[in-house]
Every structure is written in C-alpha cells, then in structure tokens.
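A.B. asks: I would like the atomic coordinates for the input below:
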Amino acid sequence: MPYYSDELIEEVRSANDIVDVISGYVRLQKKGSSYAGLCPFHNEKTGSFHVSHTKQLYHCFGCGAGGNVFTFIMQYENYSFKEAVELLAQRAGIQLPARELSEQAKRESDYRSRLFEVNREAGKYYYMLLRSGHGAHALDYFRGRGLSDETMKRFGLGYSDKYSDDLYRYLKSKGYEDKLLTDSGLVAVDEKRGAHDKFWNRAMFPIMNVHNKIIGFGGRVMGEGEPKYLNSPETQIFEKSRNLYGLNLARQSKRPQILLCEGYMDVIALHQAGFDNAAASLGTAFTSGHANLLRRYAKEAYLTFDSDGAGIKAALRAIPILKDAGITAKVVNMQPYKDPDEFIKALGAKAYQERIDQAENSFMFEIRILEQNYNMEDPQGKTAFYNEAARKLLEFSEEIERNNYIEAVAVKYQIGFENLRRLVDRVSTQMGMVKRPEPLKSGIQKKERGREDGLKKSQKLLLTWLSEEPALFPVIRAYITPEDFPDEICRLAAEALFAQLEEGKVNLAQIPGHFEDMEEQRAIVSAFHETIQEVKTRTERGQALKDTILKLKENHIQMLSENRDPDGMQERFSQMLQEKKMVEALRKKEFLLELPE
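C.D. replies: Residues are numbered from 1 along each chain as shown. Below is the predicted model:
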C-alpha cells in the first residue's frame, strides 16, 4: 500500500524542479537544451551526466544512471521512496498528511525507520553507561585524551559494558526482535555463543549521517584486546564508502574548506579546538562516494592525515579522487607530530591554523613525495626524476594550467622552464597522449552503449524525438504503435508516452514511477535520451524520421512472418499484408517537417 496518493506525490515532484535539486549536489553547467556535470555515481573526468529541465529527468551517458527527482534522491542519499518524498516535500514546504498506523503496521511498512530507531536507542544506552559507574574507565580515557564534558556530549560519546550480551538484553527489554537487532549490526548470533553484542567493553563513537541520524558505531577497546578500533558492519542504513564521521557537524561550519582526517579522535580534537569543519572516513580508504558527498558542502579539502608512511599513501590515494570530483585538495604538514590531535596538544590551535594557511598544493605534494624515490645527488637519478615529473605534468589537459605547474616545478627544482617544457613535450610524443578509458566503477550499466544494435537505437531515437517534440505525434501515430517496439523496455516506455500524448499532456517525469525496479527506471529514462543528430533542412529532417519509422515497421513485419504459432495465424497474415502496403506507401511519401526555432 503506497504511503501517499499519486496526486500528492505528483504535487511534490512538480514542486521540486530537478535542475534546482540536483544543483545542490552536482555542479551543473548549461549545455544546449539541458545541463551537464560530472556524474556523482561513477568516476569520470568529462561530464556525461545530463539533467533536462524540460523532461524533468536526469541521465548519465557514461554509466546509465537515470530517473526523476525522486530516483536521484533515493540513489544519492540511499533513501527509500517514502524518505525521498518526505525530504522533497519539506524542501517545497508541502505538508504531508499524518498517517495513523498501529505499531505492528509501522514495523512492517518502514523497516529502515526502525533501524534508525534501534541505533538511536543503542546510542542513548551507551551515552548513559559512560556517565554511570560502569563506564568510569572509559570516561577517564576520554578525559585523559583532553576532551571536555561539552565535547563528549556534542559527539554523543558513550561506553559499551563489559558483559558481552548487555546491549542485547537491554534492547530485547524494549521489545526489539532478533532479526532487527542482527540487521542493525549491533548484535550477532552464532551456535556457540548465542546472541551477543558487536561491541562490549569499548569507548563508543556514534556515527551519524548528514541528517544527524545514528547509522552505526565505532568502538575503541578498553584495556587489552583486538582489534583496537571496531566499526559497525554495513547495513541497510550504513554504507562506509558514502558517509564521513563528523560531516553532520562540519557541513554547518562557516569555514570555506573541509579538513579531512583519518580517525575519530582527530575529528573530535579539531572540533574542540575550534576547527568545526573536520571530518574523517570510517576505517576505510577514501572513495569517490566520499568525494561526491564532500562536494555538496565544500570546494576545497585540506588533507590532515597522519604524517607517517601510511598517512602519506592515504593522501596520495585521495588526491586524484578529490580532483576528479572537482574538489581542490591541499595537504597540511603536521611534522614533527603524527596527527592533528597530537599536534594541537603540543602546539595549540593557533599553530595549527598557521599550518593550514601554509598547506601545500596537492600536485606539488605529489611531486615532493615522488622525489623521495630518487637519488637527487646522482645525475642519472635526477634525470629519471625529471622524466617522471614530466609524465605527472601531462595529467593537466589544459595547456595554461599545465604551463603554470611546469613553471612551479621548474622553479622548485631549478631545471629551467623551457628545459622542463621541452621534456614534457617529448614525453607527450613518446606516450602518444593516448589514455585508455577507465572502467566504470558503479556497476550500474553492464553493457556498453556501443554494442546496442541499430534496431534498439532506432526505437530509442523515435521515443526521444517524440518526447522532445510532441507535435510529431499525429505523424508518427499514423504508422507506429507500441506493438512495433520489440524491446520490452522501449515498448513499455512507448505505451506510457503514447497514453500521455493521447490525453494531450506529456509528463515524462511520471513514467519512471510506474516501475518499482531501479534498473527498469534507468532503462526507461535511457530510452528517452538517445542522441539526435542535427539536420539542416526540412527534407533531411523528414527523411531521418521516415527512415526510423521504416526500420521499426520492417522489423515488425519480419516478426509477424516468422511467427509460426497456428493460433491467430489468419489475423497475423492479414496484419502483415496491411503493414506491407503501409510501408510501400510510406516509401513513396515525402516528409517535410518544420525545423525547430
């Protein structure tokens, strides 16, 4: 049973212009009749992500992601449809009706909400335990790390008791069932130990999403034990590669950049010192999902990772990911101290701000780290370094930007601008400047678009043309019906579009909502986004449309002739003769279509 009526859902959708909504997540630029930007669902360097104000749909020509404004919010925020509707209703100032549900009906209809609920209950319990006699040693640990009571309250810090089934028994007393507890990642069940807590005898760090809802936990063991830090497993509401610790607070900062750290304590120490723009990845390598999330809140990221070898490697991994997402990266030097927490304890917030002000350009950081692999006292080693630096400089596709960095590297390493520029040109020639296309990482589209056959392309071409120019419907309807689309998705798209055109009211953004499966929604949207080649004359335009109609009709005639089913054979034969006559007449007919202004 749907949460809200179709009429109310359409009211919410139409009140949220898709270009305005997506602009809050993705940097869009006007490109022809639509808007384009870097796709938030896979890594790319050229914008193949398009948003149409007219169609109220988005579509990525690189990975195949697509849908209406609800689909985007669901895919980007990892929301249910209900949550997407509620978010957009709130954005548009639309009051949604309250729903009176029994407790049982609520449990069955909104499982995700109950996962949030059980995490919140666990967070409250951990918070209470820290401030009771049970959590005295964890409280001493936090205070020993220099945290004030106010800071501990702000981050909701807590303690999980030393008994391995303590939280389980507490949550069971609140009426939560075993399946919900195991699905939340808070409890595990095995034959040997039965039901037991994921966290016990640990200082607890609640992990919140950007909407201040607890989605998971991190725990530091008190005393001896492994692992030292433990995170919640991934669940329906917790995806490590799409969330950052502390971002719920950092996104409210008035500072222009995000300080990107490695650990919980670094984030908390920075916030306590006045740097309320700090966030950290959750025990996993920095990903494009993290970068796309950051892009919503800042254009710059200052990497303040540990100054040891592991921290340097993490920074080198994060820099290109941030760059691909359109985020400028700089690197904060904390030596001789290991991390922000240690640095601030030793030198204070003022000294740390000075390090931020002196942060190193990310490319120059990469070159400096690269230099450490070569013996610069040896002519051969120095030459090898210059050649490798030249290869790195070729990462800049814009000549002006590349020349600026050539100049910076030449000055720092005393090689001379012209000498380094010639070396870059020579390396460019040797490499052929040919880059293999990067494989898509989203897994959204399993087949390359180039493999689509001509017939599939013709179906999508006709649907796209018709969706953009509804005035052509009387011309097309005289020859084509949804039955002429052999591809199932294209046929379903045609049925929905033709029905709207018959009523004289085209609303493409409604069509994806007819399909519950996300893959079907993407395929439907793709059917309305085939590239239409520009034509210069009415004759060329008419011929292109006629060729497309003929291809579909000829294929349908062939399908009728190949159908050997004895049932309905006479009807099919009659239909085939009729369509053959139609095709012959169409071949002789000239289409003269008006060109759009």
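A.B. asks: Would you mind measuring from N119 to R13?
C.D. replies: Remark: distance between N119 and R13 (C-beta to C-beta, to the nearest Å) = 30 Å. Placement of C-beta: from N, CA and C, glycine included.
A.B. asks: I meant to write L370 there.
C.D. replies: 50 Å.
A.B. asks: Settle it for me: which of those two has more neighbours?
C.D. replies: R13 (23 against 15; other C-beta atoms under 10 Å).
A.B. asks: Show me which residues of the one helix or strand the more buried one maps to are buried.
C.D. replies: R13 belongs to helix 6-15 when assigned by DSSP states H and E. Residues of helix 6-15 classed as buried under the neighbour-count rule (16 or more other C-beta atoms under 10 Å) are 8-9, 12-13.
A.B. asks: quick one: average pLDDT of it?
C.D. replies: For helix 6-15, the mean pLDDT works out to 88.
A.B. asks: Name the residues that touch it?
C.D. replies: 2, 4, 56, 68-70, 85, 88-89, 92, 94, 96-97, 507, 509-510, 513 (C-beta atoms under 8 Å, 6 or more residues apart in numbering).
A.B. asks: at 6 Å instead, please
C.D. replies: 69, 85, 88-89, 92, 94 (C-beta atoms under 6 Å, 6 or more residues apart in numbering).
A.B. asks: quick revisit: could you dump the buried residues of helix 6-15 into TSV with distance to F41 added?
C.D. replies: Written out in TSV, the entries for the buried residues of helix 6-15 read as follows (distance: C-beta to C-beta, whole Å):
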residue	distance to F41
L8	28
I9	24
V12	23
R13	21
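A.B. asks: Report all helices and strands that whatever helix or strand K551 lives in contacts.
C.D. replies: Applying DSSP H and E as the criterion places K551 in helix 538-562. Under the contact definition 3 or more C-beta pairs under 6 Å, 6 or more residues apart in numbering; DSSP states H and E, helix 538-562 sits against helix 454-468, helix 569-588.
A.B. asks: Ranking those by mean neighbour count, which comes first?
C.D. replies: Across the helices and strands packed on helix 538-562, the average number of neighbours (mean count of other C-beta atoms under 10 Å) peaks for helix 454-468, which reaches a mean of 20.
A.B. asks: For the helix or strand following it, list every residue counted as buried.
C.D. replies: Proceeding N to C from helix 454-468, the next assigned helix or strand is helix 473-477, under DSSP H and E. Residues of helix 473-477 classed as buried by neighbour count (16+ other C-beta under 10 Å): 473, 475-476.
A.B. asks: Out of those, flag the one nearest to E488.
C.D. replies: I476 (20.0 Å; C-beta to C-beta).
A.B. asks: residue boundaries of the strands in the stretch 351-500 of the chain?
C.D. replies: 360-361 (DSSP state E, counting those that start in this stretch).
A.B. asks: what residue ranges in it score low on pLDDT?
C.D. replies: The stretch 351-500 of the chain contains residues with pLDDT under 70 at 432-453.
A.B. asks: for the chain, same thing?
C.D. replies: 1-3, 43, 78, 99-109, 432-453, 516, 532-536, 591-597.
A.B. asks: rerun that using 50 as the cut-off
C.D. replies: Of all residues in the chain, those with pLDDT under 50 make up the ranges 1-2, 101, 105, 434-452, 597.
A.B. asks: For beta bridges, what are the partners of H59?
C.D. replies: H50, G66 (DSSP bridges).
A.B. asks: Does it touch A65 like I think?
C.D. replies: No - using C-beta atoms under 6 Å as the test, H59 is too far from A65 to be in contact (7.4 Å).
A.B. asks: Comparing these two, which residue is more hemmed in?
C.D. replies: Legend: neighbour count by other C-beta under 10 Å for H59 and A65, higher for A65 (27 against 23).
A.B. asks: Without its sequence neighbours, what residue ends up closest to the more buried one?
C.D. replies: Closest residue to A65 apart from its sequence neighbours, by C-beta to C-beta, 6 or more residues apart in numbering: F41 at 4.6 Å.
A.B. asks: Confirm that that neighbour sits in a strand.
C.D. replies: No - assigned with DSSP: H, G, I helix; E, B strand; the rest coil, F41 falls outside any strand and is coil.
A.B. asks: Burial check on it, number of neighbours?
C.D. replies: F41: 24 neighbours (other C-beta under 10 Å).
A.B. asks: For G263, see how far away A280 is.
C.D. replies: Following C-beta to C-beta, the distance that separates A280 from G263 is 6 Å.
A.B. asks: now swap in S574 and tell me
C.D. replies: Taken as C-beta to C-beta, the span from S574 to G263 is 75 Å.
A.B. asks: Hmm, G67 and the residue nearest to A65 touching each other?
C.D. replies: No - using C-beta under 6 Å, F41 makes no contact with G67, being 11.0 Å away.
A.B. asks: could you pull out the helices for the stretch 1-150 of the chain?
C.D. replies: 6-15, 18-23, 69-77, 81-92, 103-109, 111-130, 136-144, 149-154 (DSSP state H, counting those that start in this stretch).
A.B. asks: for the stretch 151-300 of the chain, same thing?
C.D. replies: 166-173, 178-183, 247-250, 264-272, 288-295.
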